[in-house]
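> Sequence and predicted model, in that order:
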Amino acid sequence: MTSALLDEALKKAALAWISVGDGPALALWCMPLEGSLIVVSGPGEQHAPGLAEAPRATVRLRGDNGGLIVVTEATVTRLTPGTEEWETAAPQLAAKRLNASGTAEEVVTRWAETGCAVVRLTPVADQAPVGRPDLPKDSGAAPPRETPARVDVTRPFRLHRVRKR
């Protein structure tokens, strides 16, 4: 498989399934930039445990129909506030951040002050990406993980009594 598929998938990526080590793959919002993906995580942003500290991650990208089309290994580089890379990527990422409170400049400042991790995921050049027909045959589905955001479902409220016939 050529990297043309990977290049096209990277250009169109808005969501990527990213896993660190043997951990579960997490759906993370991302922004394509110059052949790599930029991801933000941390306080007030999406939860990506271990991504900022990891040297590598596995990235799964979907196609136009929503199905998996390519899997690749990527090097993880954390962008440091004040560097040229940060000044290039962070404002673009903040401008694309939906439902952010404040302007893009305020969001970038908040990321720098609260210690949010803005990372660049660049595909490893010496490893060929996995595409069709070598993609995994299983769905990759897993049972929901425990989370404090999960709420037990109660019986639905009914205003009037429903009679059985």
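Arrived safely. The structure presented is a predicted model; accordingly, all values stated were derived computationally and were not measured. Residues are numbered from 1 along each chain as shown.

> From now on I want contacts and neighbour counts done on CA atoms only, so please keep to that.
Fine.

> Can you report how many residues lie near E105?
By the measure other C-alpha atoms under 10 Å, the count of residues near E105 is 14.

> I'd like the next helix or strand past the longest helix anywhere in the chain.
In the chain, taking DSSP state H as the definition, the longest helix is helix 84-96. Using DSSP states H and E, the helix or strand that follows helix 84-96 towards the C-terminus is helix 104-114.

> Give me the residues contacting that following helix.
Helix 104-114 is contacted from outside by P43, P81, A90, P91, A94, A95, A100, S101, A117, using C-alpha atoms under 8 Å, 6 or more residues apart in numbering.

> in that helix, what's buried?
Within helix 104-114, the residues that count as buried by 16 or more other C-alpha atoms under 10 Å are A104, V107, V108, W111, A112.

> Return the distance of the first one relative to W111.
This means A104. For A104, the distance to W111 equals 11 Å [C-alpha to C-alpha, to the nearest Å].

> Pull the contacting residues for the most centrally placed residue in the chain.
Taking C-alpha atoms, centre = their mean, the centroid of the chain lies closest to L28, which sits 1.9 Å from it. Contacts for L28 (C-alpha under 8 Å, 6+ apart) come out as L15, A16, W17, I18, V39, Q46, A48.

> same check, this time on T58
Residues in contact with T58, defined by C-alpha under 8 Å, 6+ apart, are I18, S19, V20, G21, V71, T72, E73, A74.

> Could you do I69 as well?
With contacts defined as C-alpha under 8 Å, 6+ apart, I69 is in contact with R60, L61, R62, G63, G131, R132, L135.

> Of the residues you listed, which is the nearest to P156?
Of all those, P156 sits closest to R62, with 36.0 Å by C-alpha to C-alpha.
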